[in-house]
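# Model the structure of this input:
(one chain, ligands or ions: 1)
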Amino acid sequence: MEDSPPLDGRQCPYINDCPMFRRIMTDALRKVFIDLFCKGDFELCERKKLRDAGEPVPDDLLPHGGRLSRPI
Ligand code: SF4
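Reported below is the predicted structural model:
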């Protein structure tokens, strides 16, 4: 998904098809979430927790649990 590799070589297994990236249009904000969650503490991501549990993941759910009312 993004060019820079994670520092420790680990990244979220869903990074290549995560719908979150369609909702965030701002490069800077996308990078923040990727650095903090997708290539950082992805086990803390609220989207990943739901997906791992086999539960539906709301389209507008952000990794930290916040919601997007519209694409930004
Ligand atoms: S937003 Fe969450 S589920 Fe999606 S790729 Fe990043 S860490 Fe994984």
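
# what's the following helix or strand after the helix-or-strand element of the chain with minimal mean pLDDT?
Ranked by mean pLDDT, DSSP states H and E, the weakest helix or strand in the chain is helix 20-23, scoring a mean of 88. Elements were assigned by DSSP states H and E; along the chain past helix 20-23, the next helix or strand is helix 27-33.

# Identify each buried residue in that next one, please.
Within helix 27-33, the residues scored as buried using 16 or more other CB atoms under 10 Å are 30, 33. Every residue, glycine included, has its C-beta placed from N, CA and C.

# all strands for the protein, in order.
Counting by DSSP state E, the chain has no strands at all.

# Any residues of it in contact with the ligand? List them.
Residues of the chain found near the ligand, taking CB under 6 Å from any ligand atom as the criterion, are 12, 14-15, 18, 20, 37-38, 42, 45, 47-48, 63.

# among those, which are in helices?
Using DSSP state H, the subset of the residues of the chain next to the ligand located in helices is 20, 47-48.

# hmm, back to that, report the buried residues of the least confident helix or strand of the chain.
Within helix 20-23, the residues scored as buried using 16+ other CB under 10 Å are 20-21, 23.

# pLDDT below threshold where in this protein?
Counting by pLDDT under 70, the low-confidence segments of the chain come to 1-8, 70-72.

# make it 90
Applying pLDDT under 90 to the chain flags residues 1-10, 21-25, 59-60, 68-72.

# List the buried residues for stretch 56-72?
Judged by neighbour count using 16+ other CB under 10 Å, the buried positions of stretch 56-72 are 57, 61-63.

# Take the residues you listed and write them to a markdown table, including distance to Ser69.
A markdown table is the format used below for those (distance: CB to CB, whole Å):
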| residue | distance to Ser69 |
| --- | --- |
| Val57 | 17 |
| Leu61 | 12 |
| Leu62 | 11 |
| Pro63 | 17 |
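
# so which of the residues you listed comes closest to the ligand?
The nearest member of these to the ligand, counting by CB to the nearest ligand atom, is Pro63 at 4.5 Å.

# thought the closest one was touching Phe37?
Yes - using CB atoms under 8 Å, Pro63 is in contact with Phe37, at 4.0 Å.
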